[in-house]
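> Coordinates for the following, if possible.
(chains A and B)
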Amino acid sequence: MKETKAIGDFCTNGKGSRIVIIGNGISGITCARHLRKRDSAAQITIVSGETEHFFSRTALMYIYMGHMKYAHTKPYEDWFWEKNRLCLVHDWVTQVDFEQKQLQLKQQEPIPYDTLILALGSKTNKFGWPGQDLKGVQGLYSFQDLESMEAHTQNCARAVVVGGGLIGIEMAEMLRSRKIPVTFLVREQRFWDNVLPKEEAELVGRHIREHHIDLRLGEELDSILEDEAGNVRAVMTKAGEEIPCQFVGLTAGVSPNIDLVKNTALEVNKGILVDAFFATNIPDVYAIGDCVEYRTPPPLRRPVEQVWYTGRMHGETLARTIAAEPVPYKPGPWFNSAKFLDIEYQTYGQVPNTWEEPVDSFYWEHPDGKKCFRALFNSESRQLQGINAFGLRLRHAFFDEALQQHTPVEAVMERLQEANFDPEFYDRFHPQILQAFNTQFGTSLKPKKNKKKGLLAIFGL
Amino acid sequence: MALLFFNALLFLGEYQLTEAKLQEVSSEQNYTVLRTELKPMLGKTYGSSFAFVSDFNKYFDAYNTRQQENEQWDRVIWDDYTFAATKAASEGIVKENRGVWLLLTVILGTAGALLYILPLYRNETAGIKHDGIMFSSNKARGVIGITLGVYLILLYVVLYWFPAYIVNWTLLVDPLSRFLSGGPASQWFLYGTIYTLAILVMGIRMFRKYRGNKYQTLRTSSVMFFQLSFAFLLPEILVLLNKPWHDFKNIWPLDYTFFFDYRVESMVSSGTIGMFMFVWGILLIILGVPLMTYFYGKRWYCSWVCGCGGLAETAGDPYRHLSDKSLKAWSIERIMVHSVLVFAVVMTLVTIANYFSGFALLGQATGVLHQWYGFLIGAAFAGVVGVGFYPLMGNRMWCRFGCPLAAYLGIVQRFKSRFRITTNGGQCISCGNCSTYCEMGIDVRWYAQRGQNIVRASCVGCGVCASVCPRGVLKLENGPEQTRITDIPILVGNESF
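Residues are numbered from 1 along each chain as shown, chains lettered A, B, ... in the order given. I've put the predicted structure just below:
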């Protein structure tokens, strides 16, 4: 904690109801912003012990890699909060008193609330490995994790990253940016293959090796070994190999960070249980973001969703429920994105790692092995179910519409050039992709072009 | 090393002015006067340019002061002979071994830079190369960055106001100048040579850095081409052909002297080519700028053609993230850049009015305006601050806060253009790479995270925000005006309301 500033006048002197949000990540902040837009009287307080101001968690890796400084990752300037009368309390909450409706803080006076919003985020999964709490062994989720990683990789001859998911590959990339040799232990036979289909998982695997990361597929962590000073000195794999290292990244997923509300009146399972309005079992207490588990998941959704975008949507929706009229959470077609080293990934709709009849798949891969496109569709209704794109940028709005309107895959393929979102002058791949589709399914689709008229056509616009 | 030699050159050699040399550089009438006045100097050998210039100015000023005191205004010598005289006087190891020194400095420097640049990222895959920028002393305002900034600022101060001290540098490029235009090298020819070299060498660095990125590669090739041909070679060849020095891609009001009477005179009196220059220049202002900007945005000029932009996009690229992104900086920017535009327009209008009124009424005012604009905007802002501040406040200080043409292009781009940066639905993760690497200090993320398209007067369309975006959220596009400015209630992906 750098400072403990007194709560500003603007926070506590208003007439409106006291809304307190715990957590200043994307969910909590989005909710606060939208609450303020709809309700100018509410007294909104945001409590966070992690950092005083909101920063983009997804950008932590770029701070370590020297692409940005911490200040660059703050989406709003520091004056923004006071201007919008969003009161920031930089402190850790130690206890929530649901009876008295107040929060106990580590350093400051307790804060009373009328409405409480829990946006507690996630924490790193640890599966009881021997040595998992040694110095130099950590996950990467919070700002404190970043500081710890910075401190523990100062003199690092080799690092081991355990767990082949999105944070794992980010951590490997971060370490490689400092020229630290990385061994990457992935339990599965292919990288992230509980999410990615075989071809995509292999494409990423090849790219990981291209970046001189020692990718070990099908290898599991057994234990982490310590030296005399209590630092990590090596890891032992299940196969019995000892890999000397000075840093271990644990990246086998994250789970809801609900330690604060465990063993209270609040109902929890994996996460805090909420209904479609993000209401918990306690009146006036809501939960959003990573820490949430849906009692009844929305169609095609999992009960716990720990993605930036879902957190943001939770915030948008809950603000409406609290400040205007109750609206149930109704996410549109699934979408997500990531970047695997140099390869960008976008997905729209449902593309699981395996599928069964009547779902059919179309797959195209560029000869360079770094770009691919997959479309899953229902082979009977022809309806598009979802797409994966690697090394290509595609328009969100295009696929959002196609998926909502249950567009047949052929109609999507014919209009694929409209979905292209690559920068100008880049090679266009839609003719090749369409050609491959025609070959695979014996169709003879041609690109449908919007006719251009008049002056603009002359200028090629 | 080459830079060291280059700087050392200024202190090498001797300076000796003789009657013959003096005669060469001065006009007939002034020669007689100068010969008497400078008598004590003639034939004397000076060890440094500083001593020489100081003595020269002493005698020269003494003469002028004397004439002014006696109110002999017609006998005062208004022409500045310091540079020419010093250059003529320079002797010794620099002058005699021009080739060797050129080799040791400019050529060796270029070769050294290329040797460093060409193998860059050789064993790496194509992608964003920003590792460690924020830890770099040079690129993140460390000691090296600040030192370089101070050096550049000094360089510009000397170049603009004390060129006599850098005659040895101009001697180096004399042969090149004679080859191209037939005349000796002025400090401006030297500046042009180094400027062009900087764009070419650092342009090659851009090719390495943005390998695989066709937008950046093409754009960089374009600025390299326009600088080398339009700004450097063509004007010199025009001079060789006895035509006025003219840069066909420079547009008023960036080219603020375009309507000055001496420029207009020289163009109009240079036959067909001269008339073409004049008409082409005016067409660019009234047709070229609005039309091209309507279709493609101001990027067609600022990051594809312009010389200032060319240097900023190549030599200035390592410093692009140093621009200030705050809202305050944006307010200052709008006030400053538009004030400069107003200043330039008023000055030009007064100049034209003065021209048509036969230099009667406004003569004095025009002179004063020209002088102040030239000093404040043309030299101090565009040069000293514009380039000197690269390592301190980013590579587009001039373009953002000072360039009147950018202001004009920006007004068109903001209100009547098909250009925008499209935001890809709800895919933004607010990471901040776009804003950080925006050289114009636009807080791109502010718009992207709200799902809004970016339509800003200052955007020069360099495309780096789209390149560095890790989630493919940004795309520079020309499209229908109706869908350009969007204000959506909720981001794509949430169907709750």
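> Residue A:121 is in contact with residue A:259, isn't it?
No. Taking contacts as C-beta atoms under 8 Å, residue A:121 lies outside contact range of residue A:259: 11.3 Å. Every residue, glycine included, has its C-beta placed from N, CA and C.
> These two - which one has more neighbours?
Using other C-beta atoms under 10 Å in any protein chain shown, the more surrounded residue of residue A:121 and residue A:259 is residue A:121, with 26 against 9.
> Tell me the spacing between the more buried one and residue B:341.
49 Å (C-beta to C-beta, to the nearest Å).
> go on, residue A:337?
From residue A:337 to residue B:341 the distance is 41 Å (C-beta to C-beta).
> Ok, residue A:34 next?
For residue A:34 relative to residue B:341 (C-beta to C-beta), the value is 39 Å.
> now swap in residue A:254 and tell me
Counting by C-beta to C-beta, the gap from residue A:254 to residue B:341 is 53 Å.
> ok, how many other residues are close to residue B:86?
By other C-beta under 10 Å, neighbour count at residue B:86 equals 24.
> Tell me which residue in the stretch 301-450 of chain B sits closest to chain A.
residue B:425 (2.7 Å; C-beta to the nearest C-beta).
> Can you give me the domain boundaries for chain A?
Using automatic domain parsing, the domain ranges for chain A come out as A:5-123+A:255-322, A:137-252, A:335-458.
> Would you check how far apart the residue lying closest to residue A:390 once chain neighbours are set aside and residue B:419 are?
Residue nearest to residue A:390 in three dimensions, not counting chain neighbours: residue A:372, with 4.8 Å by C-beta to C-beta, 6 or more residues apart in numbering or on different chains. To residue B:419, residue A:372 is 31 Å away according to C-beta to C-beta.
> Residue B:304 too?
13 Å.
> For the stretch 351-461 of chain A, what lies in contact range of chain B?
A:393-397, A:400, A:404, A:421-427, A:459, A:461 (C-beta under 8 Å from any C-beta of the partner chain).
> Mind giving me the ChimeraX command for buried ones among those residues?
Applying 16 or more other C-beta atoms under 10 Å in any protein chain shown to these, the buried members can be selected in ChimeraX as follows:
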select /A:393,394,395,396,397,400,421,422,423
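> Which residues are in contact with the residue nearest to residue A:390?
A:199, A:200, A:203, A:363, A:364, A:365, A:366, A:388, A:389, A:390, A:391 (C-beta atoms under 8 Å, 6 or more residues apart in numbering or on different chains).
> contact partners of the strand or helix carrying the fourth one?
What that stands for is residue A:363. Per DSSP states H and E, residue A:363 falls inside strand A:359-365. Outside strand A:359-365, the residues that touch it by C-beta under 8 Å, 6+ apart are A:197, A:199, A:203, A:355, A:371-379, A:385, A:409, A:432-433, A:436-437, A:440-441.
> Tell me the buried residues within those residues.
The buried subset of the contacts of strand A:359-365 (16+ other C-beta under 10 Å) comprises A:197, A:199, A:203, A:371-378, A:385, A:409, A:433, A:436-437.
> What is the burial count for the closest residue to residue A:317 other than its chain neighbours?
Nearest residue to residue A:317, sequence neighbours excluded (C-beta to C-beta, 6+ apart): residue B:496, at 4.4 Å. By other C-beta under 10 Å, 19 other residues sit near residue B:496.
> Dead centre of chain A: give me the residue that sits there.
Geometric centre of chain A, nearest residue: residue A:307, 3.3 Å, by C-alpha atoms, centre = their mean.
> Give the full set of residues in contact with the residue nearest to that one when sequence neighbours are not counted.
Leaving aside its sequence neighbours, residue A:307 sits nearest to residue A:336 (C-beta to C-beta, 6+ apart; 6.0 Å). Contacts for residue A:336 were tallied using C-beta under 8 Å, 6+ apart; they are A:307, A:309, A:346, A:347.
> try 7 Å
A:307, A:309, A:347 (C-beta atoms under 7 Å, 6 or more residues apart in numbering or on different chains).
> Check residue A:207 too.
If a contact means C-beta under 7 Å, 6+ apart, then residue A:207 has A:340, A:341, A:343, A:370 as its contacts.
> what do you get for residue A:341?
A:173, A:207, A:208, A:211.
> Quick check: buried residues in the host helix or strand of residue A:36?
If you go by DSSP H and E, residue A:36 is part of helix A:26-38. Buried residues in helix A:26-38, defined by neighbour count with 16+ other C-beta under 10 Å: A:26, A:27, A:28, A:29, A:30, A:31, A:32, A:33, A:34, A:35, A:36.
> cool, stretch B:372-384 as well?
So, applying 16+ other C-beta under 10 Å, buried residues of stretch B:372-384: B:373, B:374, B:377, B:378, B:379, B:380, B:381, B:382, B:383, B:384.
> where does chain B dip in pLDDT?
For chain B, the stretches with pLDDT under 70 are B:1-29, B:43, B:47, B:72-80, B:89, B:91-97, B:359-361.
> and it, what are its domains?
If you go by automatic domain parsing, chain B breaks into B:2-91, B:417-496.
> Of those, which stretch is the most buried?
domain B:417-496 (a mean of 22; mean count of other C-beta atoms under 10 Å in any protein chain shown).
> That one: how far from the chain's middle?
Its chain's C-alpha centre and that of domain B:417-496 lie 29 Å apart, by C-alpha atoms, centre = their mean, to the nearest Å.
> Now do that domain: distance from first to last residue.
Chord length of domain B:417-496, first to last residue, is 34 Å (C-alpha to C-alpha, to the nearest Å).
> Using the three-state scheme, assign residue B:120.
Of the three states, residue B:120 takes coil under DSSP: H, G, I helix; E, B strand; the rest coil.
> count of residues packed around it?
Neighbours of residue B:120 (other C-beta under 10 Å): 14.
> Got phi/psi on it?
phi -50, psi 140 (degrees, to the nearest 10).
> just residue A:389 next, same as before
According to degrees, to the nearest 10, residue A:389 has phi -130, psi 130.
> Do me a favour and get the backbone dihedrals for the nearest residue to residue A:288 once chain neighbours are set aside.
Excluding its sequence neighbours, the residue lying closest to residue A:288 (C-beta to C-beta, 6+ apart) is residue A:314, at 3.7 Å. Phi and psi for residue A:314, reported as degrees, to the nearest 10, are phi -60, psi -50.
> Would you mind confirming that residue A:314 is in contact with residue A:289?
Yes. Between residue A:314 and residue A:289 a contact is recorded at 5.7 Å, counting by C-beta atoms under 7 Å.
> neighbour-wise, which of the two wins?
Neighbour comparison, residue A:314 and residue A:289: the larger count goes to residue A:289, with 34 against 30 (by other C-beta under 10 Å).
> I'd like the average pLDDT over stretch A:138-151.
Averaged across stretch A:138-151, the pLDDT comes to 97.
> Please identify the helix or strand for residue B:279.
helix B:271-283.
> tell me which strands and helices that helix is in contact with?
helix B:261-268 (3 or more C-beta pairs under 7 Å, 6 or more residues apart in numbering or on different chains; DSSP states H and E).
> who's in contact with the most centrally placed residue in chain B?
For chain B, the residue nearest the mean C-alpha position is residue B:308 (4.1 Å; C-alpha atoms, centre = their mean). By C-beta under 7 Å, 6+ apart, the contact set of residue B:308 is B:382, B:386, B:398, B:399, B:403.
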